[in-house]
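Participant: here is a sequence together with a model predicted from it:
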Amino acid sequence: MAGNPDSIWKQALAVLGACAVLYFGGFWAMQHWRTRRGPWEVNFQTTAEGTPWLTIAAPDLGVTNVQVLFPGTNLPPLSAPVTVTFDEPTRGAALPFGRVKFLDTTFLPGTVTFDLFGHEIELLPRTLIVNKREHPWRSGERLELPAR
């Protein structure tokens, strides 16, 4: 005995609606989980004499105003500070100085590894790694990495 055609369509639409709700709800939940802690914010600048330095922040992790200076390295002074927010895989392709060696923004803030004037600086949520050595995050700290 064949079922009522109207009943089959109602069931199909109910299943389709339930799938759509689950899909979009799951997508929203995953997107929220992925971005909830916010990205790394790195400010690139130079002193008046041309000494490059960074200011690193991840406010949602409680990391603010961590400065890394490169004394002994001189660049033409930047006309203005440049802030790069590492919230997408394509960010960091063009930095004012140095280069991005590795970038993973799957779950923010993610991991960012820089090669800056012969120094490797890696930003991880749990710690800062400078030249392969762990350095705990201390807001307001100033690190100096002399020219190599």
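Facilitator: Thanks, I have the structure now. As the structure is a prediction and not an experimental result, all values here were calculated from the model.
Participant: and for Ala29, the neighbour number?
Facilitator: Ala29 is flanked by 10 other residues according to other CB atoms under 10 Å. In this view, the C-beta of every residue, glycine as well, is placed from N, C-alpha and C.
Participant: secondary structure class for it?
Facilitator: helix (DSSP: H, G, I helix; E, B strand; the rest coil).
Participant: how much space separates it from Arg37?
Facilitator: Separation of Ala29 from Arg37 (CB to CB, to the nearest Å): 15 Å.
Participant: how is this structure divided into domains?
Facilitator: The record's domain split for the chain, according to automatic domain parsing, is 1-36, 40-144.
Participant: who's in contact with stretch 50-57?
Facilitator: The contact list for stretch 50-57 (CB atoms under 8 Å, 6 or more residues apart in numbering) reads 40-47, 63-71, 73-77, 97, 116-117, 121, 123, 128.
Participant: from these, list the buried ones, please.
Facilitator: The neighbour-count test (16 or more other CB atoms under 10 Å) marks 40-46, 63, 66, 68-70, 73, 97, 116-117, 121, 123, 128 as buried among these.
Participant: now, which of those residues lie within strands?
Facilitator: The strands, defined by DSSP state E, take in 40-46, 63, 66, 68-69, 116, 121, 123, 128 from the buried ones among the contacts of stretch 50-57.
Participant: including mean pLDDT, could the domains of the chain go into CSV?
Facilitator: Shown next, in CSV, are the domains of the chain (pLDDT from 0 to 100):
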stretch, mean pLDDT
domain 1-36, 86
domain 40-144, 93
